[in-house]
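Novice: The following block contains a protein sequence and its predicted model.
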Amino acid sequence: MAIQRDHFYEAGDMTITGAYHKISQIEFHYECGARPSGDQGGGPDPAEADSRIQYDVFANSGVRFAIATTLDGKNVKWPLENWTGVVDKDTLLQSAYGFLKTGELSGGADV
């Protein structure tokens, strides 16, 4: 699963037609502070949650399998309210690619 879309490569000041964009990492971070013993604050501390998608860009799918050298990589914030229908690894990836295709990689095609 990946997204194929043109990619502007800033270091080379050129556009790569049909570049291959593949998720390499999805990170979910949940932090809630502990309350000191005997604290009568009236409820739990507010929790902070954050998630991010890291994806790599390859010239094309053939290059991705022949040599694992990326052209570029990006990290985008993925709001938790966009985690629709996530129940396992497969639906997590589908939801992440769907989010990228409606924003950062809009106009891309599934490959």
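Specialist: That came through fine.
Novice: centre of the chain versus the helix ranked longest in the chain, how much separation?
Specialist: Assignment by DSSP state H gives helix 89-101 as the longest helix of the chain. Computed by Cα atoms, centre = their mean, to the nearest Å, the chain-centroid distance of helix 89-101 equals 8 Å.
Novice: For that helix, which helices and strands make contact with it?
Specialist: Judged by 3 or more Cβ pairs under 8 Å, 6 or more residues apart in numbering; DSSP states H and E, helix 89-101 is in contact with strand 3-9, strand 14-31, strand 48-58. Heads up, the C-betas are built off the backbone N, CA and C, glycines and all.
Novice: Tell me who's in contact with residue 107.
Specialist: residue 5 (Cβ atoms under 8 Å, 6 or more residues apart in numbering).
Novice: Now do the phi/psi pair for it.
Specialist: Dihedral pair for residue 107: phi 90, psi 0, per degrees, to the nearest 10.
Novice: Roughly how far does it sit from residue 100?
Specialist: For residue 107, the distance to residue 100 equals 11 Å [Cβ to Cβ, to the nearest Å].
Novice: what do you get for residue 111?
Specialist: On the measure of Cβ to Cβ, residue 111 and residue 100 end up 13 Å apart.
Novice: Which residue of those two possesses the greater neighbour count?
Specialist: More crowded of residue 111 and residue 100, by other Cβ atoms under 10 Å: residue 100, with 21 against 14.
Novice: what bits of this protein have low per-residue confidence?
Specialist: The chain contains residues with pLDDT under 70 at 33-47, 61-68.
Novice: Taking the centroid of it, which residue is nearest it?
Specialist: Nearest to the geometric centre of the chain sits residue 53, at 1.7 Å (Cα atoms, centre = their mean).
Novice: need the contact list for it.
Specialist: 23, 25, 26, 27, 75, 76, 78, 96, 99, 100.
Novice: repeat that for 6 Å
Specialist: By Cβ atoms under 6 Å, 6 or more residues apart in numbering, the contact list for residue 53 reads 26, 76, 78, 96.
Novice: what two of those residues are the furthest from one another?
Specialist: Taking Cβ to Cβ as the measure, those span a maximum distance of 10.7 Å, between 26 and 76.
Novice: picking that back up, okay, angle between the longest helix of the chain and strand 3-9 too, please.
Specialist: Comparing the axes of helix 89-101 and strand 3-9 via axes from the mean of the first three to the mean of the last three Cα atoms, to 10 degrees yields an angle of 50 degrees.
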